[in-house]
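Q: test case, fold it:
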Amino acid sequence: MEDKLIFTKITPDGRDVSIRVHDYGGTAAAHLYLAGAYIEGPSLPTPLPRSMVRGNLTHYLGGGLPTNRKIAVGFTRAEAQEIRAAIVAERQPTPSPRRVHAAQVAAAAAQATQAAAAAAQAAQLAASPEPEGAIKS
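A: Below is the predicted model:
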């Protein structure tokens, strides 16, 4: 899957921010891009510690908390919820090939068991003596 753009904004200092969904084989994660460059960090907006909340910025994405001199971008609660909702919507429960194969094997085994039981019942009926007084054709 190609990264899918889900959110954009301009920071107060004029930098372009975009959030893209990246698929890791059935698990989607938010990727932060600042001025077109990927910034490594958490897969979902992370709440700021109460002591770091400034104005209406309550969450961040990026390399770490703004105080440790790594690049991070702040988001409002509404922006964080919008990003989180888009990520959750992209996460589709895709069964792994092993689970699909195991389910197919189990279904085939169940069919074989049913067929064997039906064959055994038919053989038992064929081998049983006819009741006395039964009309023969």
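Q: what sits closest to residue 39 if chain neighbours are left out?
A: Closest residue in space to residue 39, ignoring its immediate chain neighbours: residue 32 at 4.6 Å, by C-beta to C-beta, 6 or more residues apart in numbering. Heads up, the C-betas are built off the backbone N, CA and C, glycines and all.
Q: ditto for residue 8
A: Using C-beta to C-beta, 6+ apart, the closest residue to residue 8 is residue 18 (4.8 Å).
Q: where's the nearest residue to residue 15 once chain neighbours are set aside relative to residue 13, distance?
A: Computed as C-beta to C-beta, 6+ apart, the closest residue to residue 15 that is not its neighbour in sequence is residue 35, at 5.2 Å. Between residue 35 and residue 13 the distance is 11 Å, computed by C-beta to C-beta, to the nearest Å.
Q: now do residue 25
A: Counting by C-beta to C-beta, the gap from residue 25 to residue 13 is 36 Å.
Q: could you do residue 112 as well?
A: On the measure of C-beta to C-beta, residue 112 and residue 13 end up 68 Å apart.
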